[in-house]
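Undergrad: This is the structure alone, sequence omitted:
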């Protein structure tokens, strides 16, 4: 049985995907949600859904949670608290109690049902918790993520190690000719339609999203309190203020060589689950900056979906570093990458764009393609950064990139020509072709190798 868990508007995607999985692929699907109204909605249309808060709380499973923490090397409940923007400000006992409550009910579902995989997303620290619970039970926890291949949105599914092991790709060869695979998966109509819709989001769609969010509000969701609403208002105000004072606030690029480091949206699964011990972006900035050769810069750019969300204290800490340029987020990322000599990221898809531009990439996580191709370096020791970065700046070095064609082919081959996003904001994701390809991709990812 496939377990889908989601606390957003993707419910309207899954309501169309679930019947295809059930009727075409003969797969049982269970949907769990943090909203009683969402659970009722799925059940009314013929699906099977559970409201997590209605799941029995079994004290025996609390002991199993302690066992999970002890047995999972590198995992602690404190990581869930620190990686969650709300939990880390709660009293420790309250935060632990909340995580225990979520965990026990989730374990109860895994124990009761024959779950083969979990797909979807949930709140920040809770996702990290569920992620590690699934690892303990040897259950795939899969997170669908959109990547941009030459500015076209496609879907890649990541498991707990960001690996493509479930795809029909020959892992022993990074130079395999994949042109036929890519050609067979091409669907320009879907990509073109969805890609254009990203630039044409109407205000009415945001208004509709607000109404839907209120109607299907997540009753069992700790992020919907007054504090988080106040914080969202602050972020919106900061974003508009930054638009007004842009020319005074952001630094101008100079003509010196530079490394490019695009910031992540945080909290988010990409940095906070995949690279839980290296998710402090301010610390990464400091460590990379002090590792740069003289007359070299580190260009830092905010994520376009997170403008205004970075605490102003951290922004000024970054701006104080003498060899860091905190550039305008309106600068084109591809242009910044092309003019850099290296891309640094915790776990972001900027690495994909960097390799497409023949740039070496430094990761602070185990990325699914880091062992498959040259010039993608996973680094966990800050002491090694100076030597690594100096080697990149020398065009004659063995580290210097020569050709990204094999990388382009590889990424294109494991991606899917479909897109998953909030259907209220981007209604084009509900088009029939996209839904069919999503269902096909989920089935292949979850059940690859099974009859």
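TA: Perfect, I can see it now. Bear in mind the structure is a predicted one, so any value in this text is a computation, not a measurement.
Undergrad: which element follows the longest helix seen in the chain toward the C-terminus?
TA: Of all the segments of type helix in the chain, defined by DSSP state H, the longest one is helix 92-112. Helices and strands here follow DSSP states H and E; after helix 92-112, the next one along the chain is strand 117-121.
Undergrad: one step back: gap between the longest helix of the chain and the chain center?
TA: 23 Å (C-alpha atoms, centre = their mean, to the nearest Å).
Undergrad: And the contacts of that helix?
TA: The set of residues external to helix 92-112 that reach it, using C-beta atoms under 8 Å, 6 or more residues apart in numbering, is 3, 30, 32, 50, 52-53, 55-59, 61-62, 64-65, 77, 80-81, 84, 87-88, 90, 115, 125-126, 129-130, 133-134, 137, 139, 222. From N, CA and C alone the C-beta is placed, and that goes for glycine too.
Undergrad: Show me which helix or strand of the chain is least confident by mean pLDDT.
TA: Ranking every helix and strand in the chain by mean pLDDT, DSSP states H and E puts helix 179-185 at the bottom, with a mean of 40.
Undergrad: Show me the shaky parts of the stretch 201-350 of the chain.
TA: Within the stretch 201-350 of the chain, the stretches falling below the threshold (pLDDT under 70) are 201-214, 218, 223-235, 267, 269-270, 272-274.
Undergrad: Which parts of it are strands?
TA: When assigned using DSSP state E, counting those that start in this stretch, the strands of the stretch 201-350 of the chain occupy the ranges 257-262, 296-301, 324-327, 343-345.
Undergrad: Looking at the ones you listed, spot the one closest to residue 250.
TA: Closest of the strands of the stretch 201-350 of the chain to residue 250 is strand 324-327, at 5.8 Å (criterion: C-beta to C-beta).
Undergrad: Show me what the closest one packs onto, helices and strands only.
TA: Applying 3 or more C-beta pairs under 8 Å, 6 or more residues apart in numbering; DSSP states H and E, one finds that strand 324-327 makes contact with strand 296-301, helix 312-320.
Undergrad: closest one to residue 419 among the ones you listed?
TA: Nearest of the helices and strands packed on strand 324-327 to residue 419, taken as C-beta to C-beta: strand 296-301 at 23.9 Å.
Undergrad: Partner strands of that closest one and their direction?
TA: For strand 296-301, sheet partners with direction are given as strand 257-262 (parallel), strand 324-327 (parallel), following DSSP bridges.
Undergrad: still on that earlier bit, out of the contacts of helix 92-112, list just those in strands.
TA: Filtering the contacts of helix 92-112 for membership in strands, criterion DSSP state E, returns 3, 30, 32, 50.
Undergrad: Any chance of those residues in a markdown table with distance to residue 382 and neighbour count as columns?
TA: Putting the ones in strands among the contacts of helix 92-112 into a markdown table (distance: C-beta to C-beta, whole Å; neighbours: other C-beta atoms under 10 Å) gives the following:
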| residue | distance to residue 382 | neighbour count |
| --- | --- | --- |
| 3 | 38 | 24 |
| 30 | 43 | 21 |
| 32 | 40 | 25 |
| 50 | 44 | 20 |
